[in-house]
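Participant: only the shape, not the letters, is given here:
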């Protein structure tokens, strides 16, 4: 599963876009350095029923923003992402690749 696919699945499971969840994390003070994964994972599990893998994807976005390493961009396989920039504003508004 690509990183973007994780974020899209999080939206399906929670009904919230990644950007909305990032804002909620900020309201709870879960975005301030040094960000600890544990409290974020616990919040996402308790409030939204997310498992560790999906929660860790969101932890990475909360900590590092919407840019990912180009390690899997353009690579073969199911983990391939189209871009280093993740779409955080919801699946319905995501531009289609050219």
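Facilitator: Arrived safely. Bear in mind that the values here come from a model prediction, so they are computed numbers and not experimental data.

Participant: any buried residues in the one helix or strand residue 55 maps to, and which?
Facilitator: Following DSSP states H and E, one finds residue 55 within helix 52-64. The neighbour-count check on helix 52-64 (16 or more other C-beta atoms under 10 Å) flags 54, 55, 56, 57, 58, 59, 60, 61, 62 as buried. C-beta: built from backbone N, CA, C; applies to glycine.

Participant: which one of those residues is nearest residue 47?
Facilitator: Comparing those against residue 47 with C-beta to C-beta picks out residue 55 as the nearest, at 10.8 Å.

Participant: who are the contact partners of the residue nearest the centre of the chain?
Facilitator: With distances taken as C-alpha atoms, centre = their mean, the residue of the chain nearest its centroid is residue 58 (3.5 Å). With contacts defined as C-beta atoms under 8 Å, 6 or more residues apart in numbering, residue 58 is in contact with 7, 10, 18, 21, 22, 25, 40, 44, 50.

Participant: and residue 29, what are its phi and psi?
Facilitator: Backbone geometry at residue 29, expressed as degrees, to the nearest 10, gives phi 80, psi 20.

Participant: so how far is residue 59 from it?
Facilitator: Distance of residue 29 to residue 59, given as C-beta to C-beta, to the nearest Å: 15 Å.

Participant: and residue 80, by the same measure?
Facilitator: Residue 80 sits 22 Å away from residue 59, going by C-beta to C-beta.

Participant: ok, now residue 42?
Facilitator: Distance of residue 42 to residue 59, given as C-beta to C-beta: 11 Å.

Participant: cool, residue 91 as well?
Facilitator: On the measure of C-beta to C-beta, residue 91 and residue 59 end up 20 Å apart.

Participant: would you mark the buried spots in stretch 75-89?
Facilitator: Burial within stretch 75-89, assessed by neighbour count using 16+ other C-beta under 10 Å, is assigned to 81, 86, 87, 88.

Participant: and residue 94, what's its pLDDT?
Facilitator: Looking at residue 94, its pLDDT reads 89.

Participant: what strand or helix carries the residue nearest to it when sequence neighbours are not counted?
Facilitator: Counting by C-beta to C-beta, 6 or more residues apart in numbering, residue 94 lies nearest to residue 87, which is 4.7 Å off, once chain neighbours are set aside. Assigned by DSSP H and E, residue 87 falls within no helix or strand.
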